[in-house]
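Participant: Take this sequence and fold it.
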Amino acid sequence: MAMTIEEFFESNNKIAAAFSGGVDSVYLLYAAVKAGADVTAYCVRSAFQPGFEFEDAVKMAELIGCRLKVIEVDVLADEKVTSNPKNRCYYCKQHIMSAITAAAMSDGYDIVCDGTNASDDADDRPGFKALEEFGIKSPLRECGLTKDDIRKASERAGLPTWNKPAYACLATRIMTGEVITSEKLEVTERAEIILHEMGFRDFRARMRGNNALLQFTESQLAEAFTREEEIAAALSDLYDEVKIDESPRISH
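Facilitator: Next comes the predicted model:
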């Protein structure tokens, strides 16, 4: 039988937490603080992270009442990342976890944790290899907590992130093998801000050359097609052509 998250923090009561402000890392931080652990959250700022995600992370650390340290990482300085191979996530995670572990060790922490959960598929995530190399612990995964478990526990705890849509980094919007540039990331971030301001949530603006392929969840797809001309006009300064994917995207 898997240990509980409370039992984990009884055995590991001094930890550094890799913190993004998403559903999983927020619950991890909340559970650590609630258990009375000595914990500091380390949030990495990079070109792959939209501004609103960083702002959310800062707000959530403050709400939970946890120390937050911000680390700047230039992921675009590494050609192994910007060339965008299938295992790009591995190289990116190397930079991020290297920066976090160095800062954490300097601050006196021997254990670094992240928010990987029991629903995450290790076979489908190159970043898992980097986590193993740096000895990162994943308490939620070790305790057998799935994404659904974490959302339910977050709701019970009154955490506003309990129903927050999963948000993969901006680099995932660019096709594998296509070079990642700051300009492409900025276009993507701006497009998704516009769509959010139009009332949509849990969507993706994928780049296809100079065009956009927009993916919406099933609950939003009909509205998106109804407003197709309005959406295309709103994004006309960013893309040559805007197309809505007829297949709904799967939300997690």
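Participant: Give me the buried positions along the helix-or-strand element of the chain with minimal mean pLDDT.
Facilitator: Of all the helices and strands that make up the chain, helix 127-133 has the lowest average by mean pLDDT, DSSP states H and E, namely a mean of 84. Buried residues in helix 127-133, defined by neighbour count with 16 or more other C-beta atoms under 10 Å: G127, F128, A130, L131. Where you see a C-beta, it was placed from the backbone N, CA and C, and this is true even at glycine.
Participant: And the second one, how far from G65?
Facilitator: To tie it back to what came earlier, the one meant is F128. According to C-beta to C-beta, to the nearest Å, F128 stands 30 Å off from G65.
Participant: Over to the first one?
Facilitator: To G65, G127 is 29 Å away according to C-beta to C-beta.
Participant: pLDDT weak spots in the stretch 101-250 of the chain?
Facilitator: 122-126, 250 (pLDDT under 70).
Participant: name the helices or strands packed onto the longest helix anywhere in the chain?
Facilitator: Identified as the longest helix of the chain according to DSSP state H is helix 88-106. Packing contacts for helix 88-106, counted by 3 or more C-beta pairs under 8 Å, 6 or more residues apart in numbering; DSSP states H and E, involve strand 14-18, strand 38-45, strand 67-72, helix 79-82, strand 112-113, helix 127-133.
Participant: In TSV, list those along with distance to G199.
Facilitator: As requested, these are exported to TSV (distance: least, C-beta to C-beta, whole Å):
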stretch	distance to G199
strand 14-18	32
strand 38-45	28
strand 67-72	30
helix 79-82	33
strand 112-113	36
helix 127-133	32
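Participant: Tell me which of the ones you listed lies nearest to I193.
Facilitator: Among the helices and strands packed on helix 88-106, the nearest to I193 by C-beta to C-beta is strand 38-45 (17.3 Å).
Participant: now the angle between strand 14-18 and the helix or strand following the closest one, please.
Facilitator: Proceeding N to C from strand 38-45, the next assigned helix or strand is helix 51-64, under DSSP states H and E. Between the axis of helix 51-64 and that of strand 14-18 there is an angle of 160 degrees, by axes from the mean of the first three to the mean of the last three C-alpha atoms, to 10 degrees.
Participant: Tell me the buried residues in helix 51-64?
Facilitator: Judged by neighbour count using 16+ other C-beta under 10 Å, the buried positions of helix 51-64 are E53, F54, D56, A57, M60, A61, I64.
Participant: Contacts for it, please.
Facilitator: 19-22, 26, 29-30, 33, 41, 43, 45, 67-68, 159-161, 167, 189, 193 (C-beta atoms under 8 Å, 6 or more residues apart in numbering).
Participant: what about the spatially closest residue to K86 that is not a sequence neighbour, how many neighbours?
Facilitator: Leaving aside its sequence neighbours, K86 sits nearest to T176 (C-beta to C-beta, 6 or more residues apart in numbering; 5.6 Å). T176 sits with 11 neighbouring residues when counted by other C-beta atoms under 10 Å.
Participant: could you flag which of the contacts of helix 51-64 are buried?
Facilitator: Taking 16+ other C-beta under 10 Å as the criterion, what is buried in the contacts of helix 51-64 is 19-22, 26, 29-30, 33, 41, 43, 68, 159, 161, 167, 189.
Participant: Widest-spaced pair of the residues you listed?
Facilitator: The most widely separated members of these, counting by C-beta to C-beta, are V33 and E189 (30.4 Å).
Participant: Just name the closest of the buried residues of helix 127-133 to T146, please.
Facilitator: F128 (16.6 Å).
Participant: Contacts only, for the closest residue in space to F48 that isn't next to it in sequence.
Facilitator: Nearest residue to F48 in three dimensions, chain neighbours excluded: C169, at 4.1 Å (C-beta to C-beta, 6+ apart). Taking C-beta under 8 Å, 6+ apart, we find C169 in contact with F48, Q49, C92.
Participant: And C169, how far from A104?
Facilitator: Distance of C169 to A104, computed by C-beta to C-beta: 21 Å.
Participant: go on, E228?
Facilitator: Distance of E228 to A104, computed by C-beta to C-beta: 47 Å.
Participant: Great, nothing more from me.
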